[in-house]
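Student: Got a predicted model here, sequence first, then my questions.
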Amino acid sequence: MRLRPVLVLELPNSSPGGHRLGVNGLAVDRDNAVLYSGGRDGVICAWDLNHELVASPAGSHSAVVDAPAHTNGRPRHMTRFRAQTQAHTHWINDIVLAQHHNAVVSASSDLLIKLWRPLAHNAQEPATIGQHADYVKCVATPNQSTNWVASGGLDRKIYLWDLAGGGQTLQIDVSGEEVTEKGSVYALGVNAGILASGGPESIVRLWDPKTGKRITKFVGHTDNIRAILVNDSGDMVMTASSDQTVKVWSVTAGRCMHTLTMHNDSVWSLFSDDHELGIFYSSDRSGLVVKTDVRGTLGEMDDGLSLAVAQENDGVSKVVACGDSIWTATARSSINRWANIDTLADIQLPEVFRQHRASIATTRSRESSIPSLLVPPPPLNGSAKKTIPAKSILRISNTATFPPISSREGDESSIKTHARKGSEILVEPAASEVEPVHGLPEETIEGQFGLVKHRLLNDRRRVLTLDTAGDVLLWDLIQCQPIKSFGKRHLEDVVPDVNTLEAVAPWCSIDTSSGNLTVVLEPFNCFDAEMYADELILDEPVEFREDQRINLGKWVLRYLFANLIDEEIRRDEAHRRKLNEAVENRLVTGRGNPPLAISIPPSDGWAALDSDGPTPRANGSQYPPVTPGFAIGLATPGSPLPPILDSLTTPLDKRLSQVSRPSVEREDYFSDAIHAPDANQTAKPNQTPASEVPPPTEEKAAKTPGETSKEKEKEKEKEKEKDKDGKDKDGNGKGAPFGMKKFRMGMPSFGGKKIGRSASTAAAEKPAVVDEKAEESESSSNHEKEFEDNFLGVVQKIHSEYEKQLAENPENMVETRICPSLPSDTPVLKLPPGTKVILQEETSGGSAELYRGTVATVGADADIIEQRGPQWLSEVLLLNAIPPKDPIKVSFVLHPWQDKLPSITAADGNNRLNANRMLRVKKILAYVAERIDPPAESEDGDAAGPDALKPEEYLELYCNEQLLPITMSLATLRAHVWKGGNDIVLHYKANGRKHIPMPVEDPIEEASKPESMGVVGQVVTAAA
């Protein structure tokens, strides 16, 4: 299980009132005259359907654009925005109304099924009622009086969910019989006793919604089934498929009764509000919207009427109708409303069609006593309706007959009954195109503009986006907001204008599938990217160390959850206040009852001070915020402090001591980044601080604290002398290869059971003391407490450390161990408060949402985040500790330009080095300068004065005959200059500002050079 934070950036000028991407779901509440729409932007919108022109309330959002002032002599209908909610983080694929239109249930590609109650007095955000393992494609409910919904998805499962909060009530596995993967559910139809499903398997399956058992299956379609309707009586099922047909199945007969072919393209949607499906609407991929009326045909659907009502420019994913309106949803963010056609009263067919339907009605009336509905009454004088064009009448099936159509010459052709294709209209060949009844919609509910394309720039801090309006925006991912607009331009034309020559490690992924800019932070790489602090442009100046780097992932997380950190600090203070009040009460009680005897502790010196490390401070100084080193591994890291002095040094003191030692930094600025990769790493055994410093003995313990301190200072000097001797013996000032000694960083372990050093570790460094109570304490400490593996687990560990501290030192006040990063490590950011913060869990089918909030609300949601947030996030935010990871290094070779400067090749002839990928050119030049031009010391032993030239001022570095900027990193150098996979070849050159003498060669060494070089060459070749 992998949890990851996700942030959704706010779009500029964003306001409620419309979708940003295409619309996939529509549902109509006829009781309250509300239209609901679900979009690919994850938003559910509610629209008021005002059938009478009313005054607009002040500040309301009018969604009517390009609608005629009057429609058929009547004032236009006005649809107004009512409400919306960001229900999902991915596409909404379907919505349905339930519980007497009071609940809107949505199915999404974010794997969730959510319930929204927009009509409630205290309307809240949608609640999750269920989850699939893959995209959820459809959702359905039997009727408005039931209390459950069914959902189907690409995980080949159908679930029934209780709308009262009871969760899952039934699970049905619909895996394909021949091909399991084709069992995905794309369509559902349901009534009280039958649940029908369909998908890529092209088979309609009927299930019992009470038991989950299969009733039967219908085989006949040849492509994906996209929509299903079931009548109330449960004896008819209607299905639409990508095979361009609509089939009507009889549950009683167990077979297909009719195949309707009025469409010439994949049929995507079906809708009917008729209990027996006598009138239904269908739409297809070409954008054609069809209304079909089969009432009064006595089961002979070939005699029904099918009309091409409207033609959209895009495929219609959903069609719904109510009263005199039809709404269509497409891949565009707007929703069109079309005038409905009353196929019973208002229909005015061409004369030949009227005569043909009259003859069919006469035949039917002879066979049945039921009055026929096929022939509408003739129009009254003065109230004639517009005649339906002949091209708008579609042949309902391949077996249906059409009346004779007059030709251009006025002759009548005979009735043609041959089979034809889909919506082909039986007229002369030159006029066979479909002509919809309506050319334009009555009203367009306009959407907004959403993002459809993006391009992450080389610095991985900025991204270009293109929206549906054609506008290009430049975003800053660190500030979480757009910083520049380029207007309507091609995205690729803007990239060269803003891109930079950089190579930064991937630390986030970008997604615009929901119309918004979504940034996903994965725990395995979100801390990989860094930038130099001197490249920042800040509103308030911050003092940084030389060549300090800022971790981008930690920087964003620090202020994304800033309110959460403040809330945790507040809770920590309240918790410690109670503990310290108990300490104060004990101290007061102790002063009131003085002891009769004073026990003198054993004189074991200051060794007893080597207990658990000092309490981390609230200002974040637990760990020195030093940038990972950039050293060439020829200098051995300094010896760690002895345990006693280490225990007496606070983290802040350590940090200051490291920052205030310029000589050590100059000697060791390449300590972990550049070294000879072919060096023998096993020359010496690994040394640990414990092995370097022997444990205190009885003799040492007998000394006074002052004498002990002097002894330790002497030991420290001896260690330095040993290090120097080791460098001299190895030659050229080189000691053991980097990594042979470990730094005591005091970092907490990730996923461990305790924070800091355990009691057993501390006891190992103390002299053994025979004490029964100590033995009991030690045995009890071996049984570690169990902590939750989430955000709250780290808080529990911190509280456990407080308890342990009070048990060991009951008279000492408890200091906080929460230490978020400082502004010098993560400069202050003011993120937009509306930036959405989401916690997702990765699943086999995608990702499931565990928490959703904003930058402004994460503090108030602390309880939820503590339970659902990952442990690594808590360690980053509260302890300023990122998961350890080996840095990526780059190998290179240094040569003097045309041999005009001294060579820095090692004694063994190996000049191959490697360094951290973030190492800058100026550091490489400093490395070169130390070896070919050591700084001259003055008489008092100090180095050259401040007027001396810096290495980058008199040395230059070239790659592929290109002069390199001193701020360029090795990663950028490899990606944009070297452009190769093997070792980078670099040449250093003097610019003439300073004379660098060539070394005088020793004749004796020159004579022995060929032999030694030959041996070294063999060694290097063998190693290679």
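Tutor: It's in. Residues are numbered from 1 along each chain as shown.
Student: Next one, pLDDT for the residue nearest to Ser272 when sequence neighbours are not counted please.
Tutor: Nearest residue to Ser272, sequence neighbours excluded (CB to CB, 6 or more residues apart in numbering): Phe280, at 3.9 Å. C-beta here means a position set from N, CA and C on the backbone, and glycine is covered the same way. If you check Phe280, the pLDDT there is 96.
Student: ok, now which ones touch Phe280?
Tutor: Leu229, Met238, Leu270, Phe271, Ser272, Asp274, Lys291, Thr292 (CB atoms under 8 Å, 6 or more residues apart in numbering).
Student: helix/strand/coil for it?
Tutor: Classification of Phe280 by DSSP: H, G, I helix; E, B strand; the rest coil places it in strand.
Student: beta partners for it?
Tutor: For Phe280, the beta-bridge partners under DSSP bridges are Thr292.
Student: Check which residues of the longest helix along the chain are buried.
Tutor: Longest helix of the chain, by residue count under DSSP state H: helix 562-592. Going by neighbour count (16 or more other CB atoms under 10 Å), the buried part of helix 562-592 is 562-565, 567-569, 572, 575-576, 579-580, 583.
Student: Quick check: Ala848 vs Val149, distance?
Tutor: Using CB to CB, to the nearest Å, Ala848 is found at 19 Å from Val149.
Student: Show me which of the two is the more surrounded one.
Tutor: Neighbours were counted for Ala848 and for Val149 using other CB atoms under 10 Å; Val149 has more, 27 against 18.
Student: The more buried one reaches Asn143, doesn't it?
Tutor: No - counting by CB atoms under 8 Å, Val149 does not reach Asn143; the two are 11.3 Å apart.
Student: Need the three-state assignment for Ile882.
Tutor: Here Ile882 is recorded as coil under three-state DSSP.
Student: Please report the distance of the closest residue to it other than its chain neighbours from Arg4.
Tutor: Leaving out its chain neighbours, the residue that sits closest to Ile882 by CB to CB, 6+ apart is Phe527, at 4.6 Å. According to CB to CB, Phe527 and Arg4 sit 13 Å apart.
Student: try Glu540
Tutor: Counting by CB to CB, the gap from Glu540 to Arg4 is 31 Å.
Student: Name the surrounding residues that touch stretch 821-837.
Tutor: Residues contacting stretch 821-837 (CB under 8 Å, 6+ apart): 5-10, 86, 478-481, 533, 536, 538, 540, 542-544, 550-551, 554-556, 558-562, 619-621, 625, 851-856, 858, 880.
Student: try stretch 4-11
Tutor: 20, 89, 450-451, 475, 480-481, 514, 516-523, 556-557, 560, 832, 834-840, 842, 847, 870, 873.
Student: In helices, which of the residues you listed fall?
Tutor: Among the contacts of stretch 4-11, the ones falling in helices (DSSP H) are Val556, Leu557, Leu560, Leu873.
Student: Next, count neighbours for Arg82.
Tutor: For Arg82, using other CB under 10 Å, the count is 20.
Student: OK, contacts around the closest residue to it other than its chain neighbours?
Tutor: Once flanking residues are discounted, Arg82 sits nearest to Ala46: 4.1 Å by CB to CB, 6+ apart. Shown in contact with Ala46 (CB under 8 Å, 6+ apart): Val34, Leu35, Tyr36, Phe81, Arg82, Ala83, Gln84, Pro118.
Student: Flag every buried residue along the strand or helix carrying Ala46.
Tutor: Element membership for Ala46, per DSSP states H and E: strand 43-50. For strand 43-50, burial by neighbour count (16+ other CB under 10 Å) applies to Val43, Ile44, Cys45, Ala46, Trp47, Asp48, Leu49.
Student: The last one reaches Arg82, doesn't it?
Tutor: No - with contacts counted by CB under 8 Å, Leu49 stays clear of Arg82, the gap being 9.5 Å.
Student: Tell me where the model's unsure across the protein.
Tutor: 1, 51-77, 176, 345-347, 352, 355-386, 403-432, 592-784, 936-946, 1001-1024 (pLDDT under 70).
Student: Identify the spatial nearest neighbour of Lys994, chain neighbours not counted.
Tutor: Tyr954 (3.9 Å).
Student: check contacts around the one you found.
Tutor: Neighbours of Tyr954 in contact, by CB under 8 Å, 6+ apart: Ala990, Asn991, Gly992, Arg993, Lys994, Ile996.
Student: correct me, but Cys138 touches Asp94?
Tutor: Yes - if you go by CB under 8 Å, Cys138 and Asp94 touch, sitting 4.7 Å apart.
Student: Please enumerate the shared neighbours of these two.
Tutor: Ala107.
Student: Report how many residues lie close to the residue nearest to Val437 when sequence neighbours are not counted.
Tutor: Closest residue in space to Val437, ignoring its immediate chain neighbours: Ser392 at 4.9 Å, by CB to CB, 6+ apart. For Ser392, the count of nearby residues is 21 (other CB under 10 Å).
Student: hmm, back to that, and of the contacts of Tyr954, the nearest to Ser334?
Tutor: Asn991 (63.5 Å; CB to CB).
Student: Distance of the nearest residue to the closest one once chain neighbours are set aside relative to Gly980?
Tutor: Excluding its sequence neighbours, the residue lying closest to Asn991 (CB to CB, 6+ apart) is Glu956, at 5.5 Å. Note on Glu956: its distance to Gly980, by CB to CB, is 21 Å.
Student: okay, these two: which has more neighbours?
Tutor: Each of Glu956 and Gly980 has its neighbours counted (other CB under 10 Å); Glu956 has more, 17 against 10.
Student: Report all helices and strands that the helix or strand containing the more buried one contacts.
Tutor: Here Glu956 is covered by strand 955-959, with elements defined by DSSP H and E. Judged by 3 or more CB pairs under 8 Å, 6 or more residues apart in numbering; DSSP states H and E, the packing partners of strand 955-959 are helix 921-932, strand 984-990.
Student: Looking at the ones you listed, which one is packed in the most?
Tutor: helix 921-932 (a mean of 22; mean count of other CB atoms under 10 Å).
Student: Which secondary structure elements does that helix sit against?
Tutor: strand 889-896, helix 951-954, strand 955-959, strand 984-990.
Student: Of all those, which one is nearest Trp507?
Tutor: strand 889-896 (18.1 Å).
Student: elements contacting the helix or strand following that closest one?
Tutor: The element immediately downstream of strand 889-896 (helix or strand, assigned by DSSP H and E) is strand 912-916. Packing partners of strand 912-916 (3+ CB pairs under 8 Å, 6+ apart): strand 889-896.
Student: Mind listing the strands the strand it packs on pairs with, and their directions?
Tutor: By DSSP bridges, strand 889-896 pairs with strand 912-916 (antiparallel), strand 984-990 (parallel).
Student: what angle sits between the last one and helix 921-932?
Tutor: To tie it back to what came earlier, the one meant is strand 984-990. 70 degrees (axes from the mean of the first three to the mean of the last three CA atoms, to 10 degrees).
Student: what sits up against strand 984-990?
Tutor: Here strand 984-990 has contacts from 890-897, 900-901, 924-925, 928, 954-959, 970, 973-974, 978, 996, using CB under 8 Å, 6+ apart.
Student: can you do 10 Å?
Tutor: 890-898, 900-901, 904, 913-914, 921, 924-925, 927-929, 932-933, 951, 954-961, 963-964, 970, 973-974, 977-978, 996 (CB atoms under 10 Å, 6 or more residues apart in numbering).
Student: From those residues, list just the buried residues.
Tutor: Looks like the contacts of strand 984-990 have 890-892, 894-896, 901, 904, 913-914, 921, 924-925, 927-929, 932-933, 951, 954-959, 964, 970, 973-974, 977-978 buried, using 16+ other CB under 10 Å.
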